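Participant: Fold the following.
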Amino acid sequence: MSDLADKLESILATATEMLMTEGNTRAAEILQTSTPRLEETGYDNWNGGTTIWTIFLLLAPTEYAKIKETHRKILEEEINNRLKPILSQFTDDWYGVTIAPRLDHNPEWRHSKNNVSRSTRQNIIDGLKIDNIKWNGKLDEVEFLQRIFDLEHLPSDDSRFKNAARDIWQHRINNPDDWPDDWIFDDSRFNLLNGPSDKFLKFLCEIVHPVVRPDRNETLKLVQDFNEQLRKEGWNLVEEEKIGGRPRFVPKQIQLDGGRSISRARSVADALEAGWMQKEIERLENWVDRDPALAIGTAKELVESCCKTILSKRGIEVPNNLDMSDLTKKLTKELKLVPEGISDEAKGAETIRLILRNLSALTKYLAELRGLYGSGHGRDGKHRGLEPRHARLSVGVAVAFIDFVTETYKERC
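Facilitator: Numbers count the residues shown, from 1 in each chain. Presented below is the predicted three-dimensional model:
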């Protein structure tokens, strides 16, 4: 058998050449793309005994699934017929061919497109460990976990106790040094790394729940850290309501287009080292779908913050009572967003001027939209607000403006 195993590649290559010559390209392709495995699968005692071997041709699961069962049987027979005259030169044993799916190990297999991947979960957990965050906050660990899991019906790892609640109490409250502080992340009963995404997201929301973590600033910092990881998976923690004046967060899937705009806005804020802009971006992220009026108002404030930040960095004093139109005109003049030196002979000169002028005008329209539909103004009982798609348009306008002026500012430095 070892001699034949050493020759297996040459045997399969020869069979492939024969199949190609006959025009049987599909069977030849199976031989070329599969991973072969030779296995003893039986023994026949008749006439002195004969060993039975199977050559498994292992295909990627997606490729295997494309072949109908009837066609697969035909392909196996065609390949087997071409292998027989080759194998008969070396052995009297019996050989058969079976096309089968290859076992491909994908560590993310439990996580579908809309789920939170294992790698992102690990990053969030690592961040908690690095910052030495006490995941259960002000509650003891049993109280915290009971908010998410039915501890009374989860098994105990200690034979002395009948459920997880007593088990955890014994080893983390009665004897707190029995288990490490981060034991929860490795406990298969809770399976935070590989279990359902809704449980993991619920776990994160409970970490920042007002009852668990009353410190608002600490909560917002944690939410920002969580969202930096979650947004690439299409998720965010957003404010649902306030409890005792403090926000309670819930998981929400985000629009990918909005996510790209928000991501670009963050890059702008990082480039300007503008912490206040980051807070406005966080509000945009949380409210663009839930409260379009607030998002529209925040988009306008984001533009204001960007303009004031750049002017301040350029040493230009900005009066507090300057409206949006005058503010952007001041920035336009300072950065020369509408250059006077474009020659009329230059190809597309008028188009360039119009684009640059309209970019500045966008901020005026954004301010008007905010006045009509945004936050900060009372409404009568018949008022109808805009929808999330309008809010996303406002956010896109704001991000287009701050992106361009920031790039221009960096070039002028």
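Participant: hang on, Lys138 in a strand?
Facilitator: No: according to DSSP: H, G, I helix; E, B strand; the rest coil, Lys138 belongs to no strand; its state is coil.
Participant: Let's see the pLDDT reported for the closest residue to it other than its chain neighbours.
Facilitator: Spatial nearest neighbour of Lys138, excluding adjacent residues (Cβ to Cβ, 6 or more residues apart in numbering): Val212 at 6.1 Å. Yep, even glycine has a C-beta here, placed from its N, CA and C like the rest. Note for Val212: predicted pLDDT of 97.
Participant: what sits against the most centrally placed residue in the chain?
Facilitator: The centroid of the chain falls nearest to Glu233 when counting by Cα atoms, centre = their mean (1.6 Å). Each residue near Glu233 by Cβ atoms under 8 Å, 6 or more residues apart in numbering is listed here: 115-117, 120.
Participant: Can you add neighbour count, pLDDT and secondary structure and give these back as JSON lines?
Facilitator: Formatted as JSON lines, the contacts of Glu233 follow (neighbours: other Cβ atoms under 10 Å; pLDDT from 0 to 100; DSSP: H, G, I helix; E, B strand; the rest coil):
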{"residue": "Asn115", "neighbour count": "19", "pLDDT": "83", "secondary structure": "coil"}
{"residue": "Val116", "neighbour count": "22", "pLDDT": "88", "secondary structure": "coil"}
{"residue": "Ser117", "neighbour count": "18", "pLDDT": "88", "secondary structure": "coil"}
{"residue": "Thr120", "neighbour count": "21", "pLDDT": "91", "secondary structure": "helix"}
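Participant: what's the closest of these to Val288?
Facilitator: Comparing the contacts of Glu233 against Val288 with Cβ to Cβ places Val116 closest, at 20.7 Å.
Participant: And the nearest residue to the closest one once chain neighbours are set aside, how far from Ile184?
Facilitator: Nearest residue to Val116, sequence neighbours excluded (Cβ to Cβ, 6+ apart): Ser197, at 4.6 Å. As judged by Cβ to Cβ, to the nearest Å, Ser197 and Ile184 stand 17 Å apart.
Participant: Next: Ala15.
Facilitator: According to Cβ to Cβ, Ala15 stands 55 Å off from Ile184.
Participant: Specify which residue of these two has the higher count of neighbours.
Facilitator: The neighbour count for Ala15 versus Ile184, taken as other Cβ atoms under 10 Å, is higher for Ala15 (24 against 20).
Participant: which phi and psi does Ile55 have?
Facilitator: phi -100, psi 110 (degrees, to the nearest 10).
Participant: Based on its surroundings, how many neighbours for the residue nearest to Lys138?
Facilitator: Using other Cβ under 10 Å, Val212 is surrounded by 19 other residues.
Participant: Make sure it is actually in contact with Ile133.
Facilitator: No: the criterion here is Cβ atoms under 8 Å, and Val212 misses it with Ile133 at 11.2 Å.
Participant: So for whatever helix or strand Tyr409 lives in, mean pLDDT?
Facilitator: According to DSSP states H and E, Tyr409 maps onto helix 388-412. Average pLDDT, helix 388-412: 81.
Participant: And stretch 86-104, by the same measure?
Facilitator: 89.
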